[in-house]
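Q: Quick one, structure for this:
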Amino acid sequence: MAGSPTARRRRLSIELKKLRESHGYTCAQVGDALDWSGSKVNRMETGTGRIQPSDVDALCRFYDTNDELRDFLKSLARQAKTRGWWQAHGSGVPAWFSIYVGLEQEISTFRQYQCEFLPGLMQTSAYAAELHRATNQLSPEDVERAVRVRMERQAMLTRPNAPDAWFIVHESALRNAVGDATLMREQLERILESMELPRVTLQVLTFDSGSYPATGPFTMLGFPDPEDPDIVYRDGITDAVYLEGASDVREYARAFDMLRAAAASPQRSVQVIRSVLKDYAR
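A: Predicted coordinates:
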């Protein structure tokens, strides 16, 4: 898959901030030197504004970078201006979620804890549609678009360079009936099929697992380049939170490790899912 413009924009912002800090300048000082505002420099470094290749060229000349680095950063700026495949679905992908989808395209590791619903990357179209309709925020056309995007995202688990994906799902999500029994049977069968993929691991956090260090669902995205730090993602009804601070990421990584230790083994988790599947067959 071609590089994600969202991930390229993030990498570019990181590199520009590193350059400024290595020279000991503030955003205001760089802005004054280039006849820009300090806020423009800040927006470029936080990824909240468009970055033109010409602006990158001006910054690199101010920082006196070598030609190789300047060409690399300008290339990132050009790639960041392209549209991702998910953006063609319009209002079916809210702006705040579009950022996440863009980052997800580039990951090498994926860690997710779900305690209310089953993982989106393993959902059937019927299950996903029920969840989207329940929000009462989307038109029937946008529900269809949103489901299509979710189905396309699932291809990441089967692509040749699939990320190492590890899911922890609370037993309550397995037993939370979305739609009718037939829908849930098909959904749990999909979960079992997904667990057979070579790069996928799933554990069930059963009701008798005891206490565990989590207060809601979260996702951790890891990237192949060590220069791109991991991200913790948590979403809500109308927005999302992205945590990139080293201390935040470290705490969520620790929590995920503790969840893994508390959850049933992958083998035992298959048995738990099959047991719940039988309940839906009654």
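
Q: Check the protein for its longest helix and report it.
A: helix 5-23 (DSSP state H).

Q: tell me the mean pLDDT for that one?
A: Helix 5-23 carries an average pLDDT of 83.

Q: secondary structure class for Val241?
A: Here Val241 is strand, with the state taken from DSSP: H, G, I helix; E, B strand; the rest coil.

Q: ok so, going back, downstream of the longest helix of the chain, the next helix or strand is which one?
A: Next in sequence after helix 5-23, counting helices and strands by DSSP states H and E, comes helix 27-33.

Q: Remind me what the next helix or strand along the chain from that following helix packs against, helices and strands.
A: Using DSSP H and E, the helix or strand that follows helix 27-33 in sequence is helix 38-46. If you count contacts as 3 or more CB pairs under 8 Å, 6 or more residues apart in numbering; DSSP states H and E, helix 38-46 packs onto helix 5-23, helix 27-33. From N, CA and C alone the C-beta is placed, and that goes for glycine too.

Q: For the lowest-mean-pLDDT helix or strand in the chain, name the packing helices and strands.
A: None of the helices or strands of the chain scores lower by mean pLDDT, DSSP states H and E than helix 95-104, at a mean of 74. On a contact count with 3+ CB pairs under 8 Å, 6+ apart, helix 95-104 meets helix 5-23, helix 140-153, strand 231-235, strand 240-243.

Q: Could you tell me how many residues sit around Ala281?
A: By other CB atoms under 10 Å, the residues close to Ala281 number 10.

Q: Next one, pLDDT for it please.
A: On the pLDDT scale, Ala281 is placed at 82.

Q: ok, it - contacts?
A: The contact partners of Ala281, by CB atoms under 8 Å, 6 or more residues apart in numbering, come to 181, 185.

Q: and the helices and strands packed on helix 38-46, which is most packed in?
A: Using mean count of other CB atoms under 10 Å, the stretch among these with the largest mean neighbour count is helix 5-23, at a mean of 19.

Q: and the longest helix of the chain, how far out from the chain's middle?
A: Computed by CA atoms, centre = their mean, to the nearest Å, the chain-centroid distance of helix 5-23 equals 19 Å.

Q: from now on call the first residue 430
A: Okay, residue one is now 430; in that scheme the one you just asked about reads as helix 434-452.

Q: Can you give the contact residues for it?
A: Residues external to helix 434-452 that are found in contact with it (CB under 8 Å, 6+ apart): 456, 459, 470, 473-476, 480, 485, 488-489, 492, 494, 502, 505-506, 508-513, 527-528, 530-532, 534-535, 652, 654, 656-658.

Q: Which among those count as buried?
A: Taking 16 or more other CB atoms under 10 Å as the criterion, what is buried in these is 456, 459, 470, 473-474, 476, 480, 485, 488-489, 492, 494, 502, 505-506, 508-509, 513, 527-528, 530-532, 534-535, 652, 657.

Q: Which residues outside the helix or strand harbouring Glu680 are in contact with it?
A: Using DSSP H and E, Glu680 falls within helix 675-691. Residues outside helix 675-691 that contact it (CB under 8 Å, 6+ apart): 540, 542, 595, 597, 632, 634, 638-643, 647, 649, 658-661, 672.

Q: okay if I get the helices and strands packed on helix 524-533 as TSV plus distance to Gln696?
A: Output for these, formatted as TSV (distance: least, CB to CB, whole Å):
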stretch	distance to Gln696
helix 434-452	35
helix 569-582	27
strand 660-664	28
strand 669-672	32
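
Q: Tally up the residues packed near Met624, please.
A: Residues near Met624, counting by other CB under 10 Å, number 17.
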